[in-house]
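Trainee: Quick one: sequence plus predicted model below, questions after.
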Amino acid sequence: MCDPLQSIISNDAYRFYMLQDRFDDEERDLDFCVPSTMLTPLLSKWQLVFTPFDSDQIFIARAAPARWYTAEGFGIDNAPARLGSVSFNVTSPSSSKTSVTVTFTPVKRAPVAKTLVVRVKNAGATAAQIKAAAVYTQDDCASVSSIAHATSDVHITLTSATATCSFTLHCSLM
């Protein structure tokens, strides 16, 4: 005797039972999103822009591989984050200099983003520490608050929580 639960679970039995008139042998209409298909886009997003749920920080290029830090650079436009949208472009013209141009637009009625954390690497295979970092902006909307030498992270404090902030971060590496 056939187990009814097994017949519902296996293959498209449930959909066949519910949609017998629209189901044929040549086409299987799958109108749902398989969770595994979202894995690659989510990991790519988290690799470039990541916002932890328990803090007011946005991590930029946190998991970008060192081979991406070249003169041509890499970046992303209008990446959605929990605290706002982020656009950035990272270029590394030499193994001792990296430049990051960032535009952050906060979302209304969202928690205020107070810190952007930019991970800086060098183009070579060796690990590099940040010797100096400076933020250049026209409206003084951001400033370097600290440098984490162990992780090569630059913590940038946003001074304007409601307006779009555009700045360029220049880093010298050891």
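Mentor: Yes, it's here. Remember, it's a predicted structure, so these values are computed and weren't measured experimentally. Numbering: from 1, shown residues only.
Trainee: which element is the closest residue to Y69 other than its chain neighbours on?
Mentor: Counting by CB to CB, 6 or more residues apart in numbering, S92 is the residue found nearest to Y69 once chain neighbours are left out, at 4.0 Å. The way it works is simple: take the backbone N, C-alpha and C, and place the C-beta from them, glycine included. Applying DSSP states H and E as the criterion places S92 in strand 84-94.
Trainee: now L39
Mentor: Using DSSP H and E, L39 sits in helix 39-48.
Trainee: care to break this protein down by domain?
Mentor: Following automatic domain parsing, one finds the domains of the chain at 1-32, 35-173.
Trainee: Mind telling me which of those the model trusts least?
Mentor: Between the domains of the chain, the one with the least mean pLDDT is domain 1-32; it has a mean of 49.
Trainee: can I assume the residue nearest to Y69 is in contact with G73?
Mentor: Yes. Assessed by CB atoms under 8 Å, S92 is found in contact with G73 at 6.8 Å.
Trainee: Those two: which is more packed in?
Mentor: For S92 versus G73, the count of surrounding residues by other CB atoms under 10 Å is larger for S92: 25 against 17.
Trainee: Hey, what's the angle from the strand holding S92 to helix 39-48? Just curious.
Mentor: Counting by axes from the mean of the first three to the mean of the last three CA atoms, to 10 degrees, strand 84-94 points 70 degrees away from the direction of helix 39-48.
Trainee: Adjacent strands (with direction) for the following helix or strand past strand 84-94?
Mentor: As assigned by DSSP H and E, the chain's next helix or strand after strand 84-94 is strand 97-106. According to DSSP bridges, the neighbouring strands of strand 97-106, each with its direction, are strand 84-94 (antiparallel), strand 165-173 (antiparallel).
Trainee: Take those and lay them out in JSON lines including distance to D54.
Mentor: Supplementary listing: these in JSON lines, determined by distance: least, CB to CB, whole Å:
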{"stretch": "strand 84-94", "distance to D54": "17"}
{"stretch": "strand 165-173", "distance to D54": "23"}
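Trainee: which residues in this protein form helices?
Mentor: Using DSSP state H, the helices found in the chain span residues 4-9, 13-18, 39-48.
Trainee: Quick one: residues contacting the closest residue to F88 other than its chain neighbours.
Mentor: By the measure of CB to CB, 6+ apart, the closest residue to F88 outside its immediate chain neighbours is V102, 4.6 Å from it. With contacts defined as CB atoms under 8 Å, 6 or more residues apart in numbering, V102 is in contact with 60, 86-88, 116, 118, 156, 165-169.
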